[in-house]
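Visitor: make a model of this:
(one chain, ligands or ions: 2)
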Amino acid sequence: MSSGQADEPPVVELDNAEIVYDRTFLAVQGVSMSADRGDIVALLGPNGAGKSTILKMISGIGRSERGEVTRGSVYYEGDEVTNAKTNEMVDRNVTHILEGRRVFEDLTVEENLRCGLYRGGRRIRYSKSDYDIAFEYFPKLEELLDVEAGYCSGGEQQMLVIARALIHRPNLLLLDEPSLGLAPKLVVDIYETLREINREEDITMIIADQNAKETLEVADYGYVLENGQVELHDPADVLMDREEIKEFYLGTSSEESRYSEIQHYKIRKRWK
Ligand SMILES: Nc1ncnc2c1ncn2[C@@H]1O[C@H](COP(=O)(O)OP(=O)(O)OP(=O)(O)O)[C@@H](O)[C@H]1O
Ligand SMILES: [Mg+2]
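Guide: Ligands and ions are numbered 1, 2, ... in the order given. Just a heads-up that it's a prediction; the model follows:
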């Protein structure tokens, strides 16, 4: 399952974490999960399952939305970071790509990439030329440097936000719905590139996505959430073969498919 060393702690670990918004809304209950060094971990599940909430509490961004880990713990590289602030996690080389391809639309591609050169307000230095890592994986961006990001296609914008994150040289990259709204061919391309980046640059990744097939194809391990709880978890290849996943996410069940007749709320029942 893991490419990490047996004696090193996971890059991220949630131990029985409960996450509450506004001190009242229980979004995640008793979730335990981990990402080992060098792995891609898939976080799957329907709308509202708690995928983004988990990513936001790992990066600390959830705190600005009045989210709080009220029980259990979060660890990063073996250190407890429960309810840590975003700037602390940025300093620890955690980069979070939020849902929705958030580019600065009025700035050029080059200006957007330049934002990746700053961490906590300080410019960071590399041995390689600054944008090399971005162009290595997304050569198209080099042709678009002077184009305003708002004029770029959805796929180009997705490349841009991933490239900008790469310039940060993250140790852990959190990606929220990178495939949302992209054409199927582009989804495959983006996922293949993410896998390449993961292997070549040794960046651990957690990818939250509803697109189970493409995500599991590149992931090492997967968790399926529902209603803020982990319903299933397994190595990605095992998970992909499970009947529940095939039937409800991949639509390739060997049993007679009743997908169209079954409402989402019944998934939980089937998984029991
Ligand atoms: N800032 C917030 N304040 C209050 N409740 C929130 C907030 N963000 C999310 N929630 C609630 O927490 C629950 C989990 O939401 P979350 O966004 O983590 O789900 P998700 O799995 O990412 O869903 P999606 O696939 O739609 O992105 C939902 O019930 C949602 O309404
Ligand atoms: Mg989400």
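Visitor: just the strands in the stretch 51-200 of the chain please.
Guide: For the stretch 51-200 of the chain, strands defined by DSSP state E, counting those that start in this stretch occupy the ranges 67-76, 79-80, 94-97, 118-119, 122-123, 172-176.
Visitor: what about the residue nearest to L166 when sequence neighbours are not counted, how many residues nearby?
Guide: Take L166 and drop its neighbours on the chain: the residue closest to it by CB to CB, 6 or more residues apart in numbering is I133, 5.0 Å away. C-betas here are computed from N, CA, C, even on glycine. In terms of burial, I133 registers 20 neighbours under the definition other CB atoms under 10 Å.
Visitor: how near is the residue of the chain found nearest ligand 2 to I61?
Guide: Per CB to the ion, S52 is where the chain lies closest to ligand 2, at 3.1 Å. Counting by CB to CB, to the nearest Å, the separation of S52 from I61 is 9 Å.
Visitor: around ligand 1, pick out the residues from the stretch 101-250 of the chain.
Guide: Counting by CB under 6 Å from any ligand atom, the positions of the stretch 101-250 of the chain adjacent to ligand 1 are Q210.
Visitor: any low-confidence regions in the stretch 101-250 of the chain?
Guide: Screening the stretch 101-250 of the chain residue by residue with the criterion pLDDT under 70, one finds the ranges 119-121, 124-129, 248-250.
Visitor: reformat the strands of the stretch 51-200 of the chain as JSON lines; add mean neighbour count.
Guide: Supplementary listing: those in JSON lines, determined by neighbours: other CB atoms under 10 Å:
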{"stretch": "strand 67-76", "mean neighbour count": "18"}
{"stretch": "strand 79-80", "mean neighbour count": "11"}
{"stretch": "strand 94-97", "mean neighbour count": "23"}
{"stretch": "strand 118-119", "mean neighbour count": "14"}
{"stretch": "strand 122-123", "mean neighbour count": "9"}
{"stretch": "strand 172-176", "mean neighbour count": "24"}
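Visitor: can you put those in CSV and add distance to ligand 2?
Guide: Shown next, in CSV, are the strands of the stretch 51-200 of the chain (distance: least, CB to the ion, whole Å):
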stretch, distance to ligand 2
strand 67-76, 13
strand 79-80, 25
strand 94-97, 12
strand 118-119, 25
strand 122-123, 30
strand 172-176, 6
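Visitor: who wins for proximity to D39 among those?
Guide: Each of those was checked against D39 via CB to CB, and the shortest separation belongs to strand 172-176, namely 10.4 Å.
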